[in-house]
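**Q** fold the following.
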Amino acid sequence: MTLFKFQLTLSEEYGVPFNMAFGVVEEFLVRTLIDDSVLPETVETIFAEILSVFPTNEGKSVLGKMFLRETIQRIRSIRGKFMGSQVQKKISLLWALAEIHKADKNLWTP
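**A** A predicted model of the protein is given here:
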């Protein structure tokens with residue numbers, strides 16, 4: 001993830017509006033969550049890295065929950081109300097990760 005230099009390429013200073021950058025990352029998260037070949041621990045590592053480099057002044061917990069709410073809504077629109085147990089497990093891990101960082105803007109990277 002750091003090779004893509006998200007902090008620069010998705011930043012408003014680089015000409016990318018927040019909503020567009022958010023949408024790109026949201027789409028990536030949707031794909032990693034619904035892909036059963038991506039392990040929950042891998043998704044957790046990816047999510048932690050995204051939150052640590054995503055260009056925003058928003059708190060990491062708030063940003064993480066924003067991503068998760070939008071991602072869950074998007075997955076439900078694709079798959080209906082049924083989400084498999086693997087997707088649920090991944091979402092639970094990511095939600096817990098976002099909760100851990102409620103008061104702290106510095107995100108722990110697994």
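**Q** gap between the lowest-mean-pLDDT helix or strand in the chain and the chain center?
**A** The weakest-scoring helix or strand in the chain, judged by mean pLDDT, DSSP states H and E, is helix 6-9 (a mean of 72). Remark: helix 6-9 is offset 15 Å from the chain centroid, using C-alpha atoms, centre = their mean, to the nearest Å.
**Q** give the other helices and strands that it contacts.
**A** With contacts defined as 3 or more C-beta pairs under 8 Å, 6 or more residues apart in numbering; DSSP states H and E, helix 6-9 has these neighbours: helix 40-53. The C-beta positions use only the backbone N, C-alpha and C, and glycine is treated the same way.
**Q** enumerate the positions of the helix it packs on that are buried.
**A** Under the neighbour-count criterion of 16 or more other C-beta atoms under 10 Å, helix 40-53 has 40, 43, 44, 46, 47, 48, 49, 50, 51, 52, 53 buried.
**Q** Serialize these to TSV and add fields for pLDDT and distance to residue 68.
**A** TSV is the format used below for the buried residues of helix 40-53 (pLDDT from 0 to 100; distance: C-beta to C-beta, whole Å):
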residue	pLDDT	distance to residue 68
40	95	14
43	96	11
44	94	12
46	93	13
47	94	9
48	91	13
49	90	15
50	90	11
51	88	11
52	86	16
53	86	17
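**Q** just these now: which is nearest residue 63?
**A** Closest approach to residue 63 among the buried residues of helix 40-53 (C-beta to C-beta): residue 51, at 5.9 Å.
**Q** give the contact list for that closest one.
**A** Residue 51 makes contacts with 60, 63, 64, 67, 98, 101, 107, as judged by C-beta atoms under 8 Å, 6 or more residues apart in numbering.
**Q** most neighbours, which of these?
**A** Neighbour tally across the contacts of residue 51 (other C-beta atoms under 10 Å): the maximum, 25 neighbours, falls on residue 64.
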